[in-house]
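In: sharing a sequence plus its predicted fold:
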Amino acid sequence: MQVQWLNKRTLGLVLACGSLLYLNSCKLGKELEEPSMSVPEAFTNDTLEQAQAATDTVAWWLLFEDTVLNALVNEALENNRDLGIAMQRVEQARLQTKISKADFGPKFNMAVQAGRGNYQGLLLPNPSYNFFAGTSMNWELDLWGKYRNLNDKAKSELVASAYGQQAIELSLISEVSRQYFLLLEYETSLDVALKTTELRKETVEIIQARFDQGIVAEIDLNQSQIQYEIARSSIPVFERLVKITKLNINLLTGSLPRDFETQMELESAQLKSEIPTGIPAQVLARRPDVQQAWYQALAQNSMIGVAQANRLPALSLSGTLGLAGNDFSDLGGLSAGWNLGGSLLGPIFYWNQNLRAVDIQRSLTRQQVLNYENTVLTAVNEVEASLITIETAKTNIEASESRTIAAVNALDLSNQRYDQGVTSYLEVLESQRQAFDAELNLAKARSALLQAYVALYKSTGGGWTRQ
């Protein structure tokens, strides 16, 4: 239905009614209530006393007091391409909120028209020219909150994208730290392999001399040569792991392949203070992925109101204002031309398509809520798993250190017994194997504890976010 008015009084009346309808319009859709999820008051492997200090933010990688690690983290925050993409997504979402906000007001277009014919809205006796130059306006009034819901959706997506950026920052810092501690492990293992290879080379030379003098059997020489080659073959393995890990770090920091030196030794690498984890409710408030999931659910919930508004009539105002005439050559003959109209358009019978569209949006919202609940459960479980890993990793290090001390001492005793002819070379071989494995296992255990600390900070939300 299209209606036109031809006087200023009617024009003012239409604008006033439109404004009144807009101000008194309703907003369809319900606010999404946060699901009630019971979380424990404290983690099973933590204490409430520790938790109270966890609200303070801290750049946690600085607790390791390693300038190289700190420099690598800062490079990653500045140059990592995935983080750069996340920052652009935030900017994209910010601009989208401005686009959504602009939908509330009328849209204006420029119009220039020219034509000739004997039909200009009505049949004329003779052909004539028709000229018009001016502006046109179209304004769909937000009677049912369609555009308000779309604006709410854009705002929620903006906040979700900001939390998404924080989640990527947290993962990036954690991965740089994890790779760095892996690098320390591989460098330590490489050093063990080099030292063991040198010692076994000396042993081969000694047994070779004894074999040449007929003191020992050839099998002893062969066994010593086998042990030497076992140790020597492990050197390129750890060299490869060191180089590949550095490449991984370079990729995270947005750098081309390069070499760099680490600062601290794996044996001395440890936190300089205790780790407060926080009570579960605080952890959930800090975790950016939890907050991101919630705002994604809020954004989707707004689409229910949009779908409901599409089932109802839409009221639009339109108009034009410009200069019109029948002879373009006579500019002075052009007169002011205008029209103002309104339309009310709504669906009547669509075979329940619009109703099903509402149901689909409700289903999508439920999916987002379930995703949020799953993110909450995952967050609590990850903290528990990290605390358990740290507790058991400390015990593992104690056992590995005792094992290494005993294995090295047993190797010394076996060498002495063999030199004195008290035992066979088989005992020396077994002692060498035990000592080598024990030292490599100790390096792995120490690295595992450091990586568990990193996992704990990541699972508790990091305790730090960049503005």
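Out: Nice, I can see it. Numbers count the residues shown, from 1 in each chain.
In: for the biggest strand by length in the chain, what is the average pLDDT?
Out: Taking DSSP state E as the criterion, the chain has its longest strand at strand 123-140. Mean per-residue pLDDT for strand 123-140: 83.
In: what lines up beside it in the sheet?
Out: In the sheet, strand 123-140 lines up against strand 107-119 (antiparallel), strand 314-325 (antiparallel) (DSSP bridges).
In: in the last one, what's buried?
Out: Neighbour-count burial for strand 314-325 flags Ala314, Leu315, Leu317, Ser318, Gly319, Thr320, Gly322, Ala324, Gly325 (criterion: 16 or more other CB atoms under 10 Å). (C-beta placed from N, C-alpha, C; glycine too.)
In: how close does the fifth one get to Val454?
Out: Just to be clear, that refers to Gly319. Applying CB to CB, to the nearest Å, the value for Gly319 to Val454 is 63 Å.
In: any chance of the strands paired with strand 123-140 in a markdown table, with distance to Thr404 too?
Out: A markdown table is the format used below for those (distance: least, CB to CB, whole Å):
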| stretch | distance to Thr404 |
| --- | --- |
| strand 107-119 | 76 |
| strand 314-325 | 77 |
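In: among those strands, which is nearest Leu72?
Out: Proximity to Leu72 (CB to CB) singles out strand 107-119 among those, at 50.6 Å.
In: now do that closest one: everything it contacts.
Out: Residues outside strand 107-119 that contact it (CB atoms under 8 Å, 6 or more residues apart in numbering) are 124-139, 320, 322, 328.
In: let's see 10 Å
Out: Applying CB atoms under 10 Å, 6 or more residues apart in numbering, the external contacts of strand 107-119 come out as 123-140, 318-322, 324, 326, 328.
In: same deal with stretch 189-204?
Out: For stretch 189-204, using CB under 10 Å, 6+ apart, the contacting residues are 221, 223-242, 265-266, 411, 415, 418, 425, 428, 432, 435-436, 438-444, 447.
In: for that stretch, buried residues please.
Out: Result for stretch 189-204 [16+ other CB under 10 Å]: buried residues Ser189, Leu190, Val192, Ala193, Leu194, Thr196, Thr197, Leu199, Arg200, Thr203, Val204.
In: sort out for me which of those are in helices.
Out: Judged by DSSP state H, the buried residues of stretch 189-204 include Ser189, Leu190, Val192, Ala193, Leu194, Thr196, Thr197, Leu199, Arg200, Thr203, Val204 as members of helices.
In: wait, which of those residues is closest to Leu387?
Out: When those are ranked by distance to Leu387 (CB to CB), Ser189 comes first, at 27.3 Å.
In: so that closest one versus Leu170, what's the distance?
Out: 29 Å.
In: OK, contacts around the residue sitting nearest the centre point of the chain?
Out: Note on the chain: the residue nearest the mean C-alpha position is Ile168, at 3.3 Å, using CA atoms, centre = their mean. Residues near Ile168 by CB under 10 Å, 6+ apart: Asn80, Asp82, Leu83, Gly84, Ile85, Ala86, Met87, Arg89, Pro288, Asp289.
In: try 7 Å this time
Out: Shown in contact with Ile168 (CB atoms under 7 Å, 6 or more residues apart in numbering): Asp82, Leu83, Ala86.
In: residue ranges in the stretch 101-250 of the chain under the pLDDT threshold?
Out: Low-confidence segments of the stretch 101-250 of the chain (pLDDT under 70): 120-121.
In: let's see that with 80 instead.
Out: Within the stretch 101-250 of the chain, the ranges that satisfy pLDDT under 80 run 114, 116-124, 126, 128-132.
In: could you do the stretch 351-467 of the chain as well?
Out: Scanning the stretch 351-467 of the chain for pLDDT under 80 picks out the ranges 462-467.
In: run a quick neighbour tally on the nearest residue to Gln263 once chain neighbours are set aside.
Out: In this structure, Gln263 finds its nearest non-sequential neighbour in Val68, 4.3 Å apart by CB to CB, 6 or more residues apart in numbering. Using other CB atoms under 10 Å, Val68 has 14 neighbouring residues.
In: pretty sure Val68 contacts Ile249?
Out: No: applying CB atoms under 7 Å, one finds Val68 not in contact with Ile249, separated by 10.2 Å.
In: pretty sure Cys26 is touching Lys146, no?
Out: No: using CB under 7 Å, Cys26 makes no contact with Lys146, being 10.9 Å away.
In: quick one: which of the two has more around it?
Out: A direct count of neighbours by other CB under 10 Å for Cys26 and Lys146 places Lys146 higher, at 24 against 12.
In: look up how far Gln361 lies from that one.
Out: 13 Å.
In: same thing with Gln227?
Out: 69 Å.
In: specify the local secondary structure of Glu261.
Out: Look at Glu261: counting by DSSP: H, G, I helix; E, B strand; the rest coil, its state is coil.
In: give me the element the spatially closest residue to it that is not a sequence neighbour is part of.
Out: Leaving aside its sequence neighbours, Glu261 sits nearest to Val68 (CB to CB, 6+ apart; 7.2 Å). Following DSSP states H and E, one finds Val68 within helix 67-79.
In: helix or strand next in line after the host helix or strand of Ser174, which one?
Out: For Ser174, the host element (DSSP H and E) is helix 146-212. Downstream of helix 146-212, the next assigned helix or strand under DSSP H and E is helix 218-252.
In: which parts of that following helix are buried?
Out: Under the neighbour-count criterion of 16+ other CB under 10 Å, helix 218-252 has 220-221, 223-225, 227-228, 230-232, 234, 238, 241-242, 245-246, 248-250, 252 buried.
In: check the offset of it from the chain's centre.
Out: 36 Å (CA atoms, centre = their mean, to the nearest Å).
In: now the angle from it to helix 146-212?
Out: Counting by axes from the mean of the first three to the mean of the last three CA atoms, to 10 degrees, helix 218-252 lies at 160 degrees to helix 146-212.
In: helix/strand/coil for Arg356?
Out: Under three-state DSSP, Arg356 falls in the helix class.
In: helix/strand/coil for the closest residue to Asn79 other than its chain neighbours?
Out: Distances taken as CB to CB, 6+ apart put Gly254 closest to Asn79, at 3.0 Å, once the chain neighbours are dropped. When classified by three-state DSSP, Gly254 comes out as coil.
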